[in-house]
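Engineer: My questions concern the predicted model and sequence given below.
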Amino acid sequence: MKTRTIRLWFVVAVVIALAGSVFGQSENGVISGTVKDASDAAVAGAVVKIVNPARNISQTVTSNENGIFVSAQLPPGTYSITVEKAGFKRVEKSNIILSVASKINVGDFTLEVGAVTETITVEADAGQLQIQTESGERSDLVTGKQLREIGLNGRNVTDFAKLVPGVIAGGAASGSGASTVTNITGSFVINGTRNTQHEYTVDGVTNYNLGNNTGALVSVNPDALEEVKILTSNYQAEYGRSGGGFIALTTRSGTNEYHGAGRYFRRHDSLNANNFFNNARAVARPLYRFNFYGWDFGGPVPLVGKDRVFFFINQEYYDQLVPQLNSVNIRVPTEAERQGNFAQAVDGTGRVISIRDPQTNQPFPNNTIPANRLYAPGVAILKLFPAPNTTAGGNVYNYTSQVPSSYPRRENILRMDWNISNKTRLSGRWTYNYDDQQFAYGTTTASWNWPLTITDRKNGPGNILSFTLNHNFSATLINEFTFGAGRGGVTIAPKDDKATRTVTGINTPMLYPTANEANLIPSINLGGIASVGAVANTSVFGTFDQRFVINQFMDNLT
């Protein structure tokens, strides 16, 4: 039994050590104020009760000898404050909005002589609450109402950061028009810092692709968020790790009332006009189809009773066909050239291309390579390329394509909040993303400039699971402990076997055959034809696989 006790205390010590070794970034905030009497003198010992009625959260503190009260570790929401002291009328101030990770001063509460049963009601001064006096940080906030009522192209909430002073946009994020986790914070910089120096969190837990520090493990749609806060400079040490700005997402929670919503967003190429050059070449307008479906529902957990346990569920599905904005025009071998006959081969200016015998350095008769001199792997490479499909490019190109890419995605968000007692709260959040980008022209480690096959970039699946336990030991001692686990990764590989050596017949010798586990074709880089912009090429480096594991232990003792 003694051994078990020692082990238990050892585990507790390790957890505390881990909790103290990281910054305690938190979504919770602080409310403070001052209690005075009619003569403007400080009132000590006044009982101050701070209540969030929607989630049945309350804290009771007392004013000190200077009349000041402070209530810490409060989750974001709308609060009311009641101040009482014997011999004075009760004062209530309502509709106080506490934003995520904010410190607000609600001003003075002036007590008038009278019975406690008498009440003076005051409406909070919204203008005063917006003045940032309790901390030196520079930040901005996007509320849940703004998130849900402002039209947002692509449903990427980080685009709101570009409206904040000090933020410079370097172009549209990949999420604009095609919701995805790729490069989600990489399209802007904050106060001159690099775009890889941001911190990006969901409910206080790091949400980054650690391979590039601009992609995310998960994305969260606007309807699942309570607030988005962007801290740009001078923020507190608890928001450390990155000096280039801090983007904090806070998910919605259920309340004492049931609320639900459904939505559908549609964009379709039938509503678009074709461009001038496509019309001139009789090329159809590119496919452009975004269908987003979503729903959410939240409220108190049935059978448990009001004011105790709340839930919130959100799902969003993205059925996306992302257009290839410009046609890809390349030069491919003609049918005669595939047989070794280059009698009609000319460069981009129309000048004849002379094919020479490497053994004699003399032109082949009739500019044609004898059939017995053709290199078998080279013939297989020629067969890999598509046949010409246009004459609009003259001598510059003879093949054109404009194939869209598919981005099927899914988001699942679940949150539970449990008021264990008046002093203890437990919150659990789980966000899960499935993301599969299917590129017609490939990407990164497997790409080509004609639609050879589909390259899958699978992001994740991404997961963020977190739990936060708040406990009030006394009116002046509050602790918040958070554990967060983030999981994700990136896998890039051709979707099928069309780019393998077996199917294509390309069997060029390899120095290290066992290194080519996926049996893929080599990279093929052709050129040397004057005045021709691009010829058919591939860039293949094999399967790419990267995994991310993030565990965070955070403790805030106030």
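Structural biologist: Nice, I can see it.

Engineer: Once you drop chain neighbours, what's closest to Thr444?
Structural biologist: Of all residues not flanking Thr444 in the chain, Ile492 sits nearest, at 5.4 Å (CB to CB, 6 or more residues apart in numbering). Heads up, the C-betas are built off the backbone N, CA and C, glycines and all.

Engineer: so what pLDDT did the one you found get?
Structural biologist: With respect to pLDDT, Ile492 has a value of 94.

Engineer: again with Gly215
Structural biologist: At Gly215, pLDDT is 90.

Engineer: where's it, which helix or strand?
Structural biologist: For Gly215, there is no enclosing helix or strand under DSSP states H and E.

Engineer: pLDDT score assigned to the residue lying closest to it once chain neighbours are set aside?
Structural biologist: In space, and not counting its chain neighbours, Gly215 is closest to Asn209: 3.4 Å by CB to CB, 6+ apart. If you check Asn209, the pLDDT there is 90.

Engineer: Now do the same contact list for Asn209.
Structural biologist: Going by CB atoms under 8 Å, 6 or more residues apart in numbering, Asn209 touches Val181, Gly215, Ala216, Leu217, Asn459, Gly488, Val490, Phe548.

Engineer: which SS class is the fifth one?
Structural biologist: The one in question is Asn459. What DSSP: H, G, I helix; E, B strand; the rest coil gives for Asn459 is strand.

Engineer: Where does the residue nearest to Gly215 sit: helix, strand or coil?
Structural biologist: State at Asn209, reduced to three classes by three-state DSSP: coil.

Engineer: how close does it get to Gly542?
Structural biologist: 20 Å (CB to CB, to the nearest Å).

Engineer: so what's the nearest residue to Leu557 once chain neighbours are set aside bridging to?
Structural biologist: Leaving aside its sequence neighbours, Leu557 sits nearest to Asn479 (CB to CB, 6+ apart; 5.1 Å). Bridge pairing for Asn479 (DSSP bridges) gives the partners His471, Leu557.

Engineer: wait, Asn479 sits on Phe473?
Structural biologist: Yes: counting by CB atoms under 8 Å, Asn479 touches Phe473, with 6.8 Å between them.

Engineer: Looking at these two, which is more packed in?
Structural biologist: Asn479 (14 against 10; other CB atoms under 10 Å).

Engineer: Report pLDDT for that one.
Structural biologist: 94.

Engineer: Please enumerate the strands of the stretch 151-300 of the chain.
Structural biologist: Counting by DSSP state E, counting those that start in this stretch, one finds strands in the stretch 151-300 of the chain at the ranges 167-169, 188-190, 199-202, 205-206, 225-233, 246-251, 259-267, 289-300.

Engineer: For Thr60, which of these is the nearest?
Structural biologist: Of all these, strand 289-300 sits nearest to Thr60, with 23.2 Å by CB to CB.

Engineer: Run the angle between the closest one and strand 259-267 for me.
Structural biologist: Compare the direction of strand 289-300 with that of strand 259-267 by axes from the mean of the first three to the mean of the last three CA atoms, to 10 degrees and you get 180 degrees.

Engineer: Next, count neighbours for Asn366.
Structural biologist: Per other CB under 10 Å, the neighbour tally for Asn366 reads 10.

Engineer: Disregarding residues adjacent in the polypeptide, which is nearest to it?
Structural biologist: Nearest residue to Asn366, sequence neighbours excluded (CB to CB, 6+ apart): Ala343, at 5.6 Å.

Engineer: Could you report the separation of that neighbour from Ala336?
Structural biologist: From Ala343 across to Ala336, the span is 7 Å (CB to CB).

Engineer: and what of His471?
Structural biologist: Relative to Ala336, His471 is positioned 81 Å away (CB to CB).

Engineer: and these two? which has more neighbours close in?
Structural biologist: In this view His471 and Ala336 are compared by other CB under 10 Å, and His471 has more residues nearby, 16 against 13.

Engineer: domains of the protein?
Structural biologist: Per automatic domain parsing, the domain ranges recorded for the chain read 28-124, 138-251, 259-327+403-530+537-557.

Engineer: Which among those is found nearest to Tyr397?
Structural biologist: domain 259-327+403-530+537-557 (9.7 Å).

Engineer: how long is that closest one from one end to the other?
Structural biologist: 34 Å (CA to CA, to the nearest Å).

Engineer: now swap in stretch 530-549 and tell me
Structural biologist: Terminal residues of stretch 530-549 are spaced 50 Å apart (CA to CA).

Engineer: Repeat that for stretch 516-523.
Structural biologist: The straight-line separation of the ends of stretch 516-523 (CA to CA) is 12 Å.

Engineer: can you pull the buried residues of that stretch?
Structural biologist: The neighbour-count check on stretch 516-523 (16 or more other CB atoms under 10 Å) flags Asn516, Leu520, Ile521 as buried.

Engineer: Show me what the second one is bridged to.
Structural biologist: Here Leu520 sits in beta bridges with Thr500, as judged by DSSP bridges.

Engineer: Give me the pLDDT for it.
Structural biologist: pLDDT, Leu520: 93.

Engineer: Run through the residues that contact it.
Structural biologist: Applying CB under 8 Å, 6+ apart, we find Leu520 in contact with Ala446, Pro494, Ala499, Thr500, Arg501, Val540, Gly542.

Engineer: Format the residues you listed as JSON lines; extra columns: neighbour count and distance to Ala46.
Structural biologist: Output for these, formatted as JSON lines (neighbours: other CB atoms under 10 Å; distance: CB to CB, whole Å):
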{"residue": "Ala446", "neighbour count": "29", "distance to Ala46": "68"}
{"residue": "Pro494", "neighbour count": "22", "distance to Ala46": "70"}
{"residue": "Ala499", "neighbour count": "25", "distance to Ala46": "74"}
{"residue": "Thr500", "neighbour count": "17", "distance to Ala46": "77"}
{"residue": "Arg501", "neighbour count": "20", "distance to Ala46": "81"}
{"residue": "Val540", "neighbour count": "20", "distance to Ala46": "73"}
{"residue": "Gly542", "neighbour count": "15", "distance to Ala46": "70"}
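
Engineer: Mind picking the lowest-pLDDT entry from those residues?
Structural biologist: Gly542 (82).

Engineer: give the contact list for that one.
Structural biologist: Neighbour list for Gly542: Thr445, Ala446, Ala515, Asn516, Glu517, Ala518, Leu520 [criterion: CB under 8 Å, 6+ apart].

Engineer: Would you confirm that the residue nearest to Thr444 contacts Thr443?
Structural biologist: Yes: look at Ile492 against Thr443 with CB under 8 Å: they come within range, at 6.5 Å.

Engineer: can you list residues touching both of those two?
Structural biologist: With CB under 8 Å, 6+ apart, Ile492 and Thr443 have common neighbours Thr455, Arg457.

Engineer: Pick out whichever of the two has more residues nearby.
Structural biologist: Shown here are Ile492 and Thr443; by other CB under 10 Å, Ile492 has more neighbours (23 against 17).

Engineer: what helix or strand is the more buried one on?
Structural biologist: Judged by DSSP H and E, Ile492 forms part of strand 477-494.

Engineer: how about that strand: buried residues?
Structural biologist: Going by 16+ other CB under 10 Å, strand 477-494 has these buried residues: 478, 480-484, 486-490, 492-494.

Engineer: Quick check: which helices or strands does that strand pack against?
Structural biologist: In this structure, strand 477-494 packs against strand 68-74, strand 205-206, strand 446-448, strand 455-474, strand 544-557, with contacts taken as 3 or more CB pairs under 8 Å, 6 or more residues apart in numbering; DSSP states H and E.

Engineer: Next SSE downstream of that strand?
Structural biologist: helix 501-504.

Engineer: Quick check: which helices or strands does that following helix pack against?
Structural biologist: Helix 501-504 sits against helix 376-384, with contacts defined as 3+ CB pairs under 8 Å, 6+ apart.

Engineer: What's the first helix or strand after the helix it packs on?
Structural biologist: Counting by DSSP H and E, what follows helix 376-384 is strand 399-401.

Engineer: Other residues contacting the very next helix or strand once past that following strand?
Structural biologist: Sequence order places strand 405-406 as the next helix or strand after strand 399-401, per DSSP H and E. With CB under 8 Å, 6+ apart as the test, strand 405-406 has contacts from Gln320, Leu321, Val322, Gln324, Gln437, Gln438, Phe439, Ala440, Tyr441.
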